[in-house]
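[1] model the following, please.
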Amino acid sequence: MKFGISEASTHTNEGGTGIGLLDTWTFKKKYHVSLIIEELDDNIYSKRLSFLFDGKNRYLIISSRYQQIISYQTRSDLLVINSSQNNATYLALS
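    Presented below is the predicted three-dimensional model:
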């Protein structure tokens, strides 16, 4: 939930600082692109990050943990979409 606000890393034990996430947020704001983070289930990778050059500067999360995320989400700039909905990615981009 602190993405783009302060440094955050889930890999601090491997040397991660979270500065890459701040750089991503700076890029997003500078070019007014939407950032979509899609959590992947049953995959070697845990997340897919996509930039959409749509001029809308949105921040979206598509996740099967929809209820868990919105229960402690307080950001006005974040839209959380339930990945179990049919065509969740399409809905996010509409």
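
[2] so what's L79 up against?
    R58, Y59, L60, I61, A92 (CB atoms under 8 Å, 6 or more residues apart in numbering). Where you see a C-beta, it was placed from the backbone N, CA and C, and this is true even at glycine.

[3] strand partners (parallel or antiparallel) of the strand or helix carrying the third one?
    To tie it back to what came earlier, the one meant is L60. Element membership for L60, per DSSP states H and E: strand 59-63. Applying DSSP bridges, strand 59-63 is found paired with strand 34-39 (parallel), strand 78-82 (parallel).

[4] export the shortest one to PDB, keeping only CA atoms.
    Provided in PDB are the C-alpha atoms of strand 78-82 (Å, rounded to 0.1, in the frame of the first residue of the first chain):
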ATOM      1  CA  LEU A  78      -5.900   2.900  -6.400                       C
ATOM      2  CA  LEU A  79      -8.500   0.700  -8.100                       C
ATOM      3  CA  VAL A  80      -8.500  -3.000  -7.000                       C
ATOM      4  CA  ILE A  81     -10.200  -5.500  -9.300                       C
ATOM      5  CA  ASN A  82     -11.100  -9.100  -8.500                       C
END
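
[5] any idea of the mean pLDDT for that strand?
    Here strand 78-82 scores 88 as its mean pLDDT.

[6] i'd like the first residue to be 639 from this point on
    Yes, from this point I'll number from 639; that puts the last item at strand 716-720.

[7] in that strand, what counts as buried?
    Buried residues in strand 716-720, counted by 16 or more other CB atoms under 10 Å: L716, V718, I719.

[8] so which of the residues you listed is the closest to Q705?
    Distances from Q705 to the buried residues of strand 716-720, taken as CB to CB, are shortest for V718 (9.4 Å).

[9] wait, that closest one sits on T712?
    No: under the criterion of CB atoms under 8 Å, V718 is not in contact with T712, lying 11.8 Å apart.

[10] what helix or strand does Q705 sit in?
    Per DSSP H and E: helix 704-710 holds Q705.

[11] return the set of buried residues in that helix.
    Residues Y704, I707 are the ones in helix 704-710 that count as buried (16+ other CB under 10 Å).
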